[in-house]
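*Asks:* Sequence first, predicted model second:
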Amino acid sequence: MKAKIIITPKKAVLDPQGKTVQTALAQMGYTGVVDVHIGKYIEIELAPGTDKAEAQKAVNDAAHKLLSNPVIEDYKLEIE
Amino acid sequence: MNFAVLQFPASNCDQDAVHAARMLGHSARLVWHKDAALGDTDVVIVPGGFSYGDYLRCGAIARFSPVMQAVKQFAENGGLVLGVCNGFQVLTEAGLLPGALIRNRDLQFHCEFVHLQTETTDSPFTNQIPAGKILRLPIAHGEGCYFADDATLAQLAAHDQILWKYCDAGGSPTEAANPNGALQNIAGICNERRNVAGLMPHPERACELMLGSDDGKWVFASIFSALKARPQPAVELA
């Protein structure tokens, strides 16, 4: 069982890395790129047999407290 | 005055803070992050560095160290806490200060002197800074850009919580004087209760002219003055 968490910067937060990559893509000749945001991907491997609903709750809690900073980041969580 | 300087794995300005405090005539000691108690302490310094390698986010893991429970309690009881650089990051992650510190706007690590305008002398960290005095302090950070949403920024302004702003030598908070893109050129703030503060520049690395500036001593002088002015706790006679 794996928990997959995608963490992205909030819209209001300055994302100079994203802007830099956007510039690089343009310099490489790619067109039609409106915006780029750089985030984080975290994978948590859970012991087999873990209750999925409980895992969802626990990882969501961890995502809110440690894995992301709610002041500057949003996150999406998926358990499979 | 007893300084407790926290030490996390990869803190690197802890010794500087101890040295500065002792040089200014106070007693100071290091407190390992795993210690559950602070001991006899008047001020806690959360020092600069790269605690836990800045893994995940700067200060994100250090905030869960056992000693931080004692620091939270100390702050709740009105104790003075000063976070410098990584320490500022730890305090925002711990929720003891509002907002967050993110990557410098130009993505570069800045290691240089900056000028600071003191926005208010109404705090235990700024009360001795002479009116109009521009402080010259060193910075050394890659993630020092102060961010907070509009509601928080409004609160900081309303409650006079912005302590220092980056400015030019003449005292103007210009964009050119802002080394990292911090909103409103904010370099340091305090909490609403005014007993917890954080700043990105290093006062503990500017207490001797030999190091380029001794303006950092104004911050220590302010802390000392604030503590001297406090009513002594009642002594219980056995």
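*Replies:* Cool, got the structure. Here the structure is a predicted model, which is why all the values come from computation and not from measurement.
*Asks:* Got the phi and psi for B:Tyr146?
*Replies:* phi -80, psi 130 (degrees, to the nearest 10).
*Asks:* In contact with the spatially closest residue to it that is not a sequence neighbour: list those residues for me.
*Replies:* Nearest non-adjacent residue to B:Tyr146, counting by C-beta to C-beta, 6 or more residues apart in numbering or on different chains: B:Ala182, 3.9 Å away. The C-beta positions use only the backbone N, C-alpha and C, and glycine is treated the same way. By C-beta atoms under 8 Å, 6 or more residues apart in numbering or on different chains, the contact set of B:Ala182 is B:144-147, B:166, B:200.
*Asks:* B:Ala182 and B:Met23: what is the separation?
*Replies:* Going from B:Ala182 to B:Met23 by C-beta to C-beta, to the nearest Å gives 29 Å.
*Asks:* Nearest to chain A within chain B, name that residue for me.
*Replies:* Nearest to chain A, among the residues of chain B, is B:Ala100, at 4.4 Å (C-beta to the nearest C-beta).
*Asks:* In CSV, list the C-alpha atoms belonging to the longest helix seen in chain B.
*Replies:* Across chain B, the longest stretch assigned as helix under DSSP state H is helix B:217-228. C-alpha atoms of helix B:217-228 as CSV (Å, rounded to 0.1, in the frame of the first residue of the first chain):
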residue,chain,number,x,y,z
LYS,B,217,24.8,44.5,20.3
TRP,B,218,21.8,46.8,20.1
VAL,B,219,19.5,43.7,20.0
PHE,B,220,21.2,42.2,23.0
ALA,B,221,21.1,45.5,24.9
SER,B,222,17.4,45.7,24.2
ILE,B,223,16.8,42.1,25.6
PHE,B,224,18.9,42.9,28.7
SER,B,225,17.0,46.2,29.3
ALA,B,226,13.6,44.4,28.9
LEU,B,227,14.5,41.7,31.4
LYS,B,228,15.9,44.2,33.9
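*Asks:* Dump stretch A:40-51 to CSV, restricted to CA.
*Replies:* Extracted C-alpha coordinates of stretch A:40-51, given in CSV (Å, rounded to 0.1, in the frame of the first residue of the first chain):
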residue,chain,number,x,y,z
LYS,A,40,7.1,18.1,-4.3
TYR,A,41,6.2,14.4,-4.6
ILE,A,42,6.3,12.2,-1.5
GLU,A,43,5.7,8.5,-1.5
ILE,A,44,5.0,6.7,1.8
GLU,A,45,5.0,2.9,1.7
LEU,A,46,2.6,1.5,4.2
ALA,A,47,2.7,-2.0,5.8
PRO,A,48,0.5,-4.6,3.9
GLY,A,49,-2.8,-5.1,5.5
THR,A,50,-3.1,-1.5,6.8
ASP,A,51,-6.7,-0.3,7.0
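*Asks:* on that earlier part again, beta partners for the residue of chain B closest to chain A?
*Replies:* B:Phe147 (DSSP bridges).
*Asks:* Just give me the neighbour total for it.
*Replies:* 24 (other C-beta atoms under 10 Å in any protein chain shown).
*Asks:* Provide a list of residues in contact with it.
*Replies:* A:69, A:71-72, B:92-93, B:146-148.
*Asks:* contacting residues around the residue sitting furthest away from the middle of chain A?
*Replies:* For chain A, the largest distance from the centre (C-alpha atoms, centre = their mean) belongs to A:Gly29, which lies 27.0 Å off. With C-beta under 8 Å, 6+ apart as the criterion, no residue contacts A:Gly29.
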